[in-house]
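In: I'd like to go over a predicted model; first the sequence, then the structure.
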Amino acid sequence: SLAGSDALEHCICSAGYTGSDGATCSACAVGTFKAVNGSGTCTACDAGTYLNITGGSACLGCPSNTSSLMMSSAITDCVCDVGHEGANCTACAVGSYKAVNGSAACSECVAGTYLNVTGGSVCVGCPANTHSRKGGVAITDCICNKGNEGADGGA
């Protein structure tokens, strides 16, 4: 409230709390926050953030290479991004990919595809009239099909 005020309607809710001026204030729930003093409402934490306490005034960002859904309430809600795996969410190796968020492991590129970058979410198909073995790591792994001629990789 205003310094020296004795009027109930001058009492306002602090950041992290919601309610009408002059009324009881309630702490924002986990996964929500309110950044300023006043009678505003609590707001859900954005995707990629979380808040694990009540009465919070700001959400916390998920660690690198992780993301979370909107209104997340724990760091464990932050899961590995596409193209990342394991407890530390490390990038998938070349020749492997992961197409969804979560704890799943990276998968090797199937035959006829390759992936020449780390952290990939989709493998690239070999050019026409070429093929590759499973786990291809470069376009040069795509070699001419039987009965075709040319440089490997279709170049």
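Out: Looks like it came in fine.

In: so where's the chain uncertain?
Out: Scanning the chain for pLDDT under 70 picks out 1-10, 152-155.

In: Just to check, residue 52 is in contact with residue 30?
Out: Yes - with contact defined as Cβ atoms under 8 Å, residue 52 and residue 30 form a contacting pair (5.9 Å). For glycine as for every other residue, the C-beta is placed from the backbone atoms N, C-alpha and C.

In: hey, what's in contact with both of the two?
Out: By the contact definition Cβ atoms under 8 Å, 6 or more residues apart in numbering, residue 52 and residue 30 are jointly contacted by 73, 74.

In: So those two - more neighbours on which side?
Out: Remark: of residue 52 and residue 30, residue 30 carries more neighbours, 18 against 15, as counted by other Cβ atoms under 10 Å.

In: ok, now which ones touch the more buried one?
Out: Applying Cβ under 8 Å, 6+ apart to residue 30 gives the contacts 51, 52, 53, 54, 56, 73, 74.

In: of those residues, buried ones?
Out: 51, 54, 56, 73 (16 or more other Cβ atoms under 10 Å).

In: Out of these, the closest to residue 37 would be?
Out: residue 56 (14.1 Å; Cβ to Cβ).

In: Find the residue closest to the closest one in space, skipping its chain neighbours.
Out: residue 33 (4.6 Å; Cβ to Cβ, 6 or more residues apart in numbering).

In: Please apply the same query to residue 63.
Out: With Cβ to Cβ, 6+ apart, the residue lying closest to residue 63 is residue 78, at 6.1 Å.

In: if we can go back for a sec, out of the contacts of residue 30, list just those in helices.
Out: If you go by DSSP state H, these have nothing in helices.

In: Pick out whichever of those residues sits closest to residue 140.
Out: Ranked by distance to residue 140 (Cβ to Cβ), those are led by residue 74 at 45.1 Å.

In: if I look at the closest one, how far off is residue 135?
Out: 36 Å (Cβ to Cβ, to the nearest Å).

In: Residue 37 against residue 13, yeah?
Out: Yes - between residue 37 and residue 13 a contact is recorded at 6.8 Å, counting by Cβ under 8 Å.

In: neighbour count winner among these two?
Out: Between residue 37 and residue 13, residue 13 has the larger neighbour count (other Cβ under 10 Å), namely 22 against 13.
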